[in-house]
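Asker: Provided below are the primary sequence and the corresponding predicted coordinates.
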Amino acid sequence: MDAGSHSISSEKKTRAAVQRQPLQEAGFRPYMPSLSTAPRKPSAKCYGDRFIPDRSAMDMDMAHYLLTEPRKNKENAAAASPSKEAYRRLLREKLLNNRTRILAFRNKPPEPENVSAADAVSSHQAKPAKQRRYIPQSAERTLDAPDLVDDYYLNLMDWGSSNLLSIALGDTMYLWDASNGSTSQLVTVDEDSGPITSVSWAPDGRHLAIGLNSSDIQLWDTSSSRLLRTLKGVHESRVGSLAWNNNILTTGGMDGRIVNNDVRIRDHAVQTYQGHSQEVCGLKWSGSGQQLASGGNDNLLHIWDVLMASSMPSAGRNQWLHRLEDHTAAVKALAWCPFQSNLLATGGGGSDRCIKFWNTHTGACLNSVDTGSQVCALLWNKNERELLSSHGFTKNQLTLWKYPSMVKMAELTGHTSRVLFMAQSPDGCTVASAAADETLRFWNVFGIPEVAKPAPKASHTGMFNSFNHIR
């Protein structure tokens, strides 16, 4: 069992009495230093090594004579006669041609090379090291999120492909438009049905699924703010987790059941997965849509294969592909790797505190890292081999890890209570975090992706491409 909802203290009740507008700025934006990484112009030139003269232009015999002649002259100065001095002077003029330099240079020494030119030459020889990305340590923006339910097992925030962030605050669903910062209220459910316990965007970024405490699931068209249908009788208690796979909406409830619902047909419940004995608090389909990961309050992690489900449509119940029992607390945080289809990261609750990595083809645990605190959510960087985790007591931080070394790259602090939910922007750069301190914070933790060069367009398209040229 992991810590679930918390009772509201008297201090929180007093604070709630002060009216706070949902999703409004909670404070001033902190000062952000310049992110410019342009190299500075060098203030002084850097010269190369000493110049080595051309030894082929040297006269070594002459050098030896000139070095030893002054010493001999001093020793024999007293004995030398004027006639001998005149003879030596004449010999020096005729034979030595009045040369006095010991070292001779055939050409002038080259001018010192510029630093940038030297760097340019070395860059062709070796690939330059990639600069470490700047990671801001404070949130870019902070919004108020009053009445956010402090419950570890729920999933109350999601960011859709149309750049709309949905967040459930008590009985009300709000939509925040990231393109202009505007806020709209989609629906407030009845007290008998609420509070809202889960939310998930369909892949089209237009339709939104909302799970309720009453066990119902609502489907909304957010472009027209219209309720399309309500799925009833799917679960016996609250629906705490949702996951889309094209037109299939998978729901997980407190009753331990996982149900595939085809939202296009009247009899929507098409498959049921039985494996958890307690509440299903985590659901995630893989990027290919072939495997489903589910985590529960029974400390179990299941991997389900869609082929197994489709091969037994009449049975109604399906056997798991892998049943993994390594975690020692509730498994809520699930994240499929974007660059390796069979790699899954999972996080355990307060009694476990571990992030584990799995090969979902074999069911093998590849690595386990003790983070020291409750793991509430996990997100992969779509552009780099990095993993972001959010935590509870004691630091209530977001931690960025380098994969696969699992070296800490940064710890982002600011929340004063456990960071229950995280969602990633469509471009993969910004992460939103919602915590029990009733604040919603935005972090530029994953940076700006490098612009990929466009692929050259083919001159011909179509299924008969290879037969366009006559031999």
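Answerer: Received the coordinates, thanks.
Asker: give me the number of residues near the residue lying closest to Thr183 once chain neighbours are set aside?
Answerer: In this structure, Thr183 finds its nearest non-sequential neighbour in Leu23, 4.4 Å apart by C-beta to C-beta, 6 or more residues apart in numbering. (Each C-beta comes from the backbone N, C-alpha and C, glycine too.) By other C-beta atoms under 10 Å, 21 other residues sit near Leu23.
Asker: assign Leu23 to helix, strand or coil.
Answerer: Three-state assignment for Leu23 (DSSP: H, G, I helix; E, B strand; the rest coil): coil.
Asker: thought Trp176 was touching it, still the case?
Answerer: Yes: look at Leu23 against Trp176 with C-beta atoms under 8 Å: they come within range, at 5.1 Å.
Asker: joint contacts of the two?
Answerer: With contacts taken as C-beta atoms under 8 Å, 6 or more residues apart in numbering, Leu23 and Trp176 have Leu143, Ile167, Thr183 as neighbours in common.
Asker: most neighbours, which of those residues?
Answerer: Most surrounded of these: other C-beta under 10 Å gives Ile167, at 26 neighbours.
Asker: show me what contacts Lys234?
Answerer: Not quite, residue 234 is Val, not Lys. Shown in contact with Val234 (C-beta under 8 Å, 6+ apart): Ser215, Ile217, Thr251, Gly253, Val259, Asn261, His268, Ala269.
Asker: that one should be in a helix, yeah?
Answerer: No: the assignment for Val234 (three-state DSSP) gives coil, which keeps it out of a helix.
Asker: so which strand or helix has the closest residue to Leu242 other than its chain neighbours?
Answerer: Take Leu242 and drop its neighbours on the chain: the residue closest to it by C-beta to C-beta, 6+ apart is Ser200, 3.7 Å away. In the assignment (DSSP states H and E), Ser200 maps to strand 196-201.
Asker: so which elements touch the one helix or strand Ser390 maps to?
Answerer: Assigned by DSSP H and E, Ser390 belongs to strand 386-391. The helices and strands touching strand 386-391, judged by 3 or more C-beta pairs under 8 Å, 6 or more residues apart in numbering; DSSP states H and E, are strand 375-380, strand 398-402, strand 419-424.
Asker: would you mind giving those strands as JSON lines with mean neighbour count added?
Answerer: Converted to JSON lines, the helices and strands packed on strand 386-391 look like this (neighbours: other C-beta atoms under 10 Å):
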{"stretch": "strand 375-380", "mean neighbour count": "25"}
{"stretch": "strand 398-402", "mean neighbour count": "21"}
{"stretch": "strand 419-424", "mean neighbour count": "23"}
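Asker: I'd like to know how far the residue nearest to the spatial centre of the chain sits from Val270.
Answerer: In the chain, the centroid-proximal residue (C-alpha atoms, centre = their mean) is Asn381; its distance is 2.5 Å. According to C-beta to C-beta, to the nearest Å, Asn381 stands 34 Å off from Val270.
Asker: tell me where the stretch 301-450 of the chain is predicted with low confidence.
Answerer: 309-318, 450 (pLDDT under 70).
Asker: tell me where it has helices.
Answerer: Secondary structure of the stretch 301-450 of the chain (DSSP state H, counting those that start in this stretch): helices at 306-311.
Asker: report the buried residues of stretch 390-410.
Answerer: 390-392, 395-401, 403, 409-410 (16 or more other C-beta atoms under 10 Å).
Asker: could you dump these to JSON lines with distance to Leu292?
Answerer: Putting the buried residues of stretch 390-410 into JSON lines (distance: C-beta to C-beta, whole Å) gives the following:
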{"residue": "Ser390", "distance to Leu292": "23"}
{"residue": "His391", "distance to Leu292": "26"}
{"residue": "Gly392", "distance to Leu292": "26"}
{"residue": "Lys395", "distance to Leu292": "32"}
{"residue": "Asn396", "distance to Leu292": "30"}
{"residue": "Gln397", "distance to Leu292": "30"}
{"residue": "Leu398", "distance to Leu292": "26"}
{"residue": "Thr399", "distance to Leu292": "27"}
{"residue": "Leu400", "distance to Leu292": "27"}
{"residue": "Trp401", "distance to Leu292": "25"}
{"residue": "Tyr403", "distance to Leu292": "23"}
{"residue": "Met409", "distance to Leu292": "30"}
{"residue": "Ala410", "distance to Leu292": "31"}
